[in-house]
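>>> Next comes the sequence, and after it the predicted model I'd like to discuss.
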Amino acid sequence: MASTLITHIGELTTNDPERPGTLGAITDAAVVIEGRTIAWVGPAAAAPSPDDVDSVVSVAGRAVIPGFVDSHSHLVFAGDRAAEFEARMSGTPYAAGGIRTTVAATRAATDEQLTAHVGRLVREMQRQGTTTVEIKSGYGLTTRDEARSLAVARQFTDETTFLGAHVVPAGPDGRPGDPAAYVELVTGPMIEAAAPHARWIDVFCERGAFDDDQARTILAAGSRHGLRGRLHANQLGPGPGVRLAAELGLVAVDHCTYLDDADVTALADSGTVATLLPGVEFSTRQPYPDARRLLDAGVTVALASDCNPGSCFTSSLPFCLALAVREMGMKPAEALWAATAGGAAALDRTDVGRLTPGASADLVVLDAPDHRHLAYRPGVPLVTAVWRAGRPV
């Protein structure tokens with residue numbers, strides 16, 4: 001098993017689980033990788049001898065952080081919605097129904113075209129430091145297209161999510177579809193076809209999409225098929241989704257833009273992770289979530305990209321991290337933790353989002369002396385090297 005010593009690290013972010021919620025930073029640090037995992041971390045002065053490892057890499061005083069864990073993305077689609085974005089920038093409000101615009105193009109695309117497109121986006125994410133990504137379906141909305149979307153996504157990640165309940169698709173005549181009939185389809189033949197390719201099930205619990213009773217029915221069907229639940233909720237306005245996620249003990253609930261005191265208390269009491277997606281608010285001109293309020297209440301917060309063709313076509317977690325610091329009341333250290341260990345928590349993973357012995361050797365070298373530069377220098381490509389499972393990407 002090959003071993004590598006990475007040394008002369010200016011600041012190492014470990015996210016040591018023994019120090020929850022903190023970066024566990026070590027200055028003038030070193031890391032030893034054995035095979036695919038972290039074998040040792042600590043001060044460079046205490047590192048194993050170069051003679052005891054197969055190779056040595058010096059990062060010359062740069063910072064090293066865990067690879068970003070992007071726990072919410074929609075990468076399986078065709079076409080784009082640049083015209084919709086232009087209209088929003090001219091004053092047209094964002095609405096959930098815009099999702100249907102992508103559906104026809106996705107259904108018409110071949111498996112090869114969808115696979116090539118997802119591959120391009122995953123590589124784009126990796127260049128910006130993302131080493132773990134969750135990918136949802138949700139732009140097929142037929143039994144065949146949802147199953148093949150997940151089969152495509154599974155080529156790139158184990159963190160695949162069945163989102164047949166994204167919106168109710170239009171009927172063959174172009175008229176609005178029947179919600180009750182569609183929920184029957186999602187919880188019947190569609191989930192039968194999709195479940196073998198998925199780990200999670202998700203529902204867009206929002207006005208214009210699915211109400212809480214429908215969400216409860218769909219999540220229950222997912223559970224019967226061995227899929228763990230999560231929700232999109234409280235993005236477009238106040239609603240019951242966040243409290244439903246807390247009641248059901250879901251691992252994560254995403255968006256969380258419009259919250260009242262009862263929502264925040266429910267999240268804190270349940271331990272459900274609140275995944276915040278600031279790129280959406282940047283792209284839709286909606287209010288940003290109040291991360292400070294959540295953190296002060298003891299809620300675990302994750303940051304993710306929500307990369308999708310409609311409400312947020314960015315693949316950059318560094319950009320989202322900078323937005324969270326600038327617009328959502330997060331400190332640089334809190335935002336980095338949320339985009340790494342927080343994302344891992346939202347996926348119920350303990351092997352990623354940290355750099356401690358036994359964790360996957362997923363790490364990012366920044367062309368900067370410490371983590372603060374991620375928010376301090378927004379838009380600057382600071383990621384200079386990425387390692388995934390012990391190997392440079």
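Now that the structure is in, tell me what you want to look at. What you see is a predicted model; the values in this text were computed from it and never measured. Numbers count the residues shown, from 1 in each chain.

>>> Tell me which helix or strand comes right after the lengthiest helix in the chain.
Assignment by DSSP state H gives helix 111-127 as the longest helix of the chain. For helix 111-127, the following helix or strand on the C-terminal side (DSSP states H and E) is strand 130-133.

>>> partners of that next one in the sheet?
Here strand 130-133 is paired, per DSSP bridges, with strand 68-70 (parallel).

>>> model confidence over the partner strand, on average?
Averaging pLDDT along strand 68-70 gives 99.

>>> And that strand, how far out from the chain middle?
Distance of strand 68-70 from the chain centroid (Cα atoms, centre = their mean, to the nearest Å) equals 6 Å.

>>> And it, what's buried?
Counting neighbours by 16 or more other Cβ atoms under 10 Å, one finds that the buried residues in strand 68-70 are Phe68, Val69, Asp70. In this view, the C-beta of every residue, glycine as well, is placed from N, C-alpha and C.

>>> Stretch 118-132 now?
Buried, per 16+ other Cβ under 10 Å, within stretch 118-132: Val118, Leu121, Val122, Met125, Gln126, Gln128, Gly129, Thr130, Thr131, Thr132.

>>> my read: the first one touches Ala151, true?
Pointing back at Val118 there. No: if you go by Cβ atoms under 8 Å, Val118 and Ala151 don't touch, sitting 11.0 Å apart.

>>> what about Thr106, helix or strand, and which?
helix 100-108.

>>> mean confidence for that helix?
pLDDT averaged over helix 100-108 gives 89.

>>> For the most centrally placed residue in the chain, list the residues it contacts.
Geometric centre of the chain, nearest residue: Ser71, 2.1 Å, by Cα atoms, centre = their mean. Ser71 sits next to Glu134, Glu159, Ala252, Asp254, Thr275, Ala302, Ala304, Gly343, Ala344, Ala346, Leu347 when contact means Cβ atoms under 8 Å, 6 or more residues apart in numbering.

>>> That one and Pro369, how far apart?
28 Å (Cβ to Cβ, to the nearest Å).

>>> Ala195 now?
From Ala195 over to Pro369 (counting by Cβ to Cβ), the distance is 47 Å.

>>> So what does the nearest residue to His373 once chain neighbours are set aside have for phi and psi?
Spatial nearest neighbour of His373, chain neighbours left out: Leu382 (6.1 Å); criterion: Cβ to Cβ, 6 or more residues apart in numbering. Dihedral pair for Leu382: phi -80, psi -20, per degrees, to the nearest 10.

>>> what sits up against stretch 325-335?
22-23, 276, 278, 281-282, 288-293, 295, 301, 303, 321-322, 324, 338, 371-372, 374-376, 378.

>>> ok, how many other residues are close to the closest residue to Leu336 other than its chain neighbours?
In space, and not counting its chain neighbours, Leu336 is closest to His371: 5.0 Å by Cβ to Cβ, 6+ apart. By other Cβ atoms under 10 Å, 24 other residues sit near His371.

>>> Show me which positions of the lowest-mean-pLDDT helix or strand in the chain end up buried.
Within the chain, no helix or strand scores below helix 82-89, which has a mean of 85 by mean pLDDT, DSSP states H and E. By neighbour count on 16+ other Cβ under 10 Å, the buried set for helix 82-89 is Glu84, Phe85, Arg88.

>>> Dump the C-alpha coordinates for it into PDB.
Backbone C-alpha positions of helix 82-89 (Å, rounded to 0.1, in the frame of the first residue of the first chain) are rendered in PDB as follows:
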ATOM      1  CA  ALA A  82     -30.400  31.300 -19.600                       C
ATOM      2  CA  ALA A  83     -33.500  33.100 -21.000                       C
ATOM      3  CA  GLU A  84     -35.300  32.400 -17.600                       C
ATOM      4  CA  PHE A  85     -32.300  33.800 -15.800                       C
ATOM      5  CA  GLU A  86     -32.300  36.900 -18.000                       C
ATOM      6  CA  ALA A  87     -36.000  37.400 -17.300                       C
ATOM      7  CA  ARG A  88     -35.400  37.100 -13.500                       C
ATOM      8  CA  MET A  89     -32.700  39.700 -13.700                       C
END
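
>>> Can you name every helix or strand that it contacts?
helix 278-284 (3 or more Cβ pairs under 8 Å, 6 or more residues apart in numbering; DSSP states H and E).

>>> Could you identify the helix or strand that succeeds the helix it packs on?
Following helix 278-284 toward the C-terminus (DSSP H and E): helix 291-296.

>>> Packing partners of the helix or strand just after that following helix?
Past helix 291-296, further along toward the C-terminus, the next helix or strand under DSSP H and E is strand 301-303. Where contact means 3+ Cβ pairs under 8 Å, 6+ apart, strand 301-303 is packed against strand 273-276, helix 291-296, helix 317-327, helix 332-339, helix 341-346.

>>> which residues sit in contact with the nearest residue to Asp306 once chain neighbours are set aside?
The spatially closest residue to Asp306, leaving aside those adjacent along the chain, is Leu277, at 4.0 Å (Cβ to Cβ, 6+ apart). Neighbouring residues of Leu277 by Cβ under 8 Å, 6+ apart: His72, Asp254, His255, Leu303, Ala304, Ser305, Asp306, Cys312, Cys320.

>>> what's the burial count for the third one?
It stands for His255. 28.

>>> again, but for the second one
Asp254 has 27 neighbouring residues, counting by other Cβ under 10 Å.

>>> The helix or strand encompassing it pairs with which strands?
Assigned by DSSP H and E, Asp254 falls within strand 252-255. Taking DSSP bridges as the criterion, strand 252-255 forms sheet pairs with strand 228-233 (parallel), strand 273-276 (parallel).

>>> Name the next helix or strand following the first one along the chain.
For strand 228-233, the succeeding helix or strand toward the C-terminus, using DSSP H and E, is helix 241-248.

>>> what about that following helix, distance to the chain center?
19 Å.

>>> ditto for stretch 262-278
16 Å.

>>> quick one on the thing from earlier: what's the model's confidence in the strand holding Asp254, averaged?
Rounded mean pLDDT across strand 252-255 is 98.

>>> who's in contact with that strand?
In contact with strand 252-255 (Cβ under 8 Å, 6+ apart) are residues 71-72, 230-235, 241-242, 245-246, 267, 272-277, 280, 289, 302, 304, 306, 345-347.
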